[in-house]
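Trainee: show me how the following folds:
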Amino acid sequence: MGGTRSGVGAAGGGPGDAGGALGPAGSAAPGGAAIPAPAASPEEAPTEPLPTAATAADVGPDPAAVAAAAAAERARALLVPVSDAQQHEATPAIVPVLPGRPAAARPSVQAPGAELGDEGGTPCPWCGTGNRPDRHFCRRCAMSMEGRPEDPPKLAWWRRLPGFGPRRNPWAGERPRLRSDWSRVLGWLVAAAAVALVITLAVDSGSVAQTVGDHFSKRVLIPPDTSKTSASNSYPKHGPQLAFDEHNNTWWGPGFTGDDAGRWIQAGFDQPVDLLDVVISPGESTNASDLDSSALPQNLEADVTTADGKVHTTTLTLDPNVGPQTHALRFDSVVSVRFVIRSAYNASATKQVAIAEIEFFGPSRGSGS
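Mentor: As a prediction, this is how the structure comes out:
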C-alpha cells in the first residue's frame, strides 16, 4: 500500500514540474517544488478508490439543491425592487388623455319582434302587422282586430255644434284643463245669444235686411204736400205750412201760452213714401239769440199713418237747444205724420211753443243708392 501511495505521488509530480503541484492544503511550494502530502495511517486508508473528476461530472447536479436555488431566486425577485429601466421595458407606454364629458345614454327604441305563428297570420286592419289568429288586439298598435268602423255613428245636430260634441279622453299623463263655474255660465250665455240671433234672422230676416240696407242707404229730402198740412191751432201769420217750407227763419206756433200739451201739427204726402229720419228745429229760428223768445218742445208724440190705415206711435225727445236735431223715423208707405206736443222747455204764461222747421228724409231711389 505504501508503495502505491508513493507511486501516485511520483506520478503526480509530472504536472507539478510544469506549472507547480498543489499540496494537501492547496498551496504551492516555493521554487515550484511540490510539498509531499502526509502519510495516512493504515486505519484511515480508504478501502475504495476515490472518484475522479470525470466520474463527478457524470453524476450531475443535486435536484434538491437546484430547487432550493430556484426558490431563493424567486424570493429575491420579490424582495429586490426592479430597476427603472427594467420597469419601462416591461410596461408599455400609456398616452395621457383628457377626461371625457359625460353624455346621457340615448334611448334605444325597439320594434316588437315577431312572434311564433305570425307568418301568414291575420294582418291588423289598422297597421297591417301580422298577428296570430287567436289575438283580439294587435301586438304592435294594440288596436282591436275586429276592424275599422265603416261609417261612424251620426251625432245629433246639437252634438255637432262647437262645445257640445263628445269630449276627447285625455292621454296617459295629460292633465285635463280645469274649468271654472264662470266659464260655464259665459259659454251658456254666448250659446243662448247665438241661438236668439239665429231665430231672429230666421223669423224676421226681411226686416233685418231692410234695416241694414236703410242704415247704409243715401238719404234724400222728402217734402210733404203743403195742401195736406194742418194743425190743431195756429198763431196768426204763423200757420203750419211755415214749419215745412225748408226755411229755418220762419216758425209755427199754436197761439196759446204754457206747455201747449195736446196741441199738434200734421204733414201729409200726395203718395205713400218710405221714411228713415226726421229733422226738427225747435224755437223761432236757429239763432241762439232767439232761444228765450219762446218755449221749446221737449217730448213729441209722432203718430205715423201708413197706406193700410194703421197708426204707429213713437215718442221723440228733443234737447233744449236751437238748431236741427235728427231722430230715426223708419216706416214704409207713410201717408201722413202728426206731431203732438206732450211737454215743453221754458214754458210760461208769456211764451208759446214754437217749431221752426220739420224735414223728412227717406232712401234715395236713384242708381247711386
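
Trainee: do a quick rundown of the strands in the stretch 51-200 of the chain.
Mentor: 122-123, 130-131 (DSSP state E, counting those that start in this stretch).

Trainee: what's in contact with stretch 237-254?
Mentor: Identification of contacts with stretch 237-254 by C-beta atoms under 8 Å, 6 or more residues apart in numbering yields 221, 223-224, 226, 229-235, 255, 260, 263, 265-267, 281, 283-286, 294, 324, 341, 352-359. In this view, the C-beta of every residue, glycine as well, is placed from N, C-alpha and C.

Trainee: name the nearest residue to Asp303, sequence neighbours excluded.
Mentor: Leaving aside its sequence neighbours, Asp303 sits nearest to Arg338 (C-beta to C-beta, 6 or more residues apart in numbering; 4.5 Å).

Trainee: state the number of residues packed around the one you found.
Mentor: 20 (other C-beta atoms under 10 Å).

Trainee: name the element it belongs to?
Mentor: Using DSSP states H and E, Arg338 falls within strand 325-345.

Trainee: show me what that strand is packed against.
Mentor: strand 264-282, strand 296-306, strand 311-317, strand 355-363 (3 or more C-beta pairs under 8 Å, 6 or more residues apart in numbering; DSSP states H and E).

Trainee: before we move on, the earlier item: determine which stretch of the strands of the stretch 51-200 of the chain is the most buried.
Mentor: Across the strands of the stretch 51-200 of the chain, averaging neighbours per residue (mean count of other C-beta atoms under 10 Å) puts strand 130-131 on top, at a mean of 18.

Trainee: buried set for stretch 235-244?
Mentor: 235, 238-244 (16 or more other C-beta atoms under 10 Å).

Trainee: next one: stretch 287-299
Mentor: Buried, per 16+ other C-beta under 10 Å, within stretch 287-299: 290-291, 293-298.

Trainee: all helices of the stretch 101-250 of the chain, in order?
Mentor: According to DSSP state H, counting those that start in this stretch, the stretch 101-250 of the chain carries its helices in the segments 181-203, 205-216.

Trainee: hey, least reliable of those by pLDDT?
Mentor: With a mean of 67, helix 205-216 has the lowest mean pLDDT of those.

Trainee: where in the stretch 1-150 of the chain is pLDDT low?
Mentor: 1-61, 79-93, 95, 109-120, 149-150 (pLDDT under 70).

Trainee: for Val273, give me its contacts.
Mentor: Per C-beta under 8 Å, 6+ apart, neighbours of Val273: 222, 333-334, 360, 362.

Trainee: and if we set it to 7 Å?
Mentor: 222, 334, 362 (C-beta atoms under 7 Å, 6 or more residues apart in numbering).

Trainee: what's across from it in the sheet?
Mentor: Val334 (DSSP bridges).

Trainee: and it, how close does it get to Trp171?
Mentor: 67 Å (C-beta to C-beta, to the nearest Å).

Trainee: grab the nearest non-local neighbour of Pro236.
Mentor: Gly255 (7.2 Å).

Trainee: pretty sure the residue nearest to Asp303 sits against Gln266.
Mentor: Yes - the criterion here is C-beta atoms under 7 Å, and Arg338 meets it with Gln266 at 4.1 Å.

Trainee: hey, what's in contact with both of these two?
Mentor: In contact with both Arg338 and Gln266: no residue, using C-beta under 7 Å, 6+ apart.

Trainee: what pLDDT does the residue nearest to Asp303 get?
Mentor: 96.
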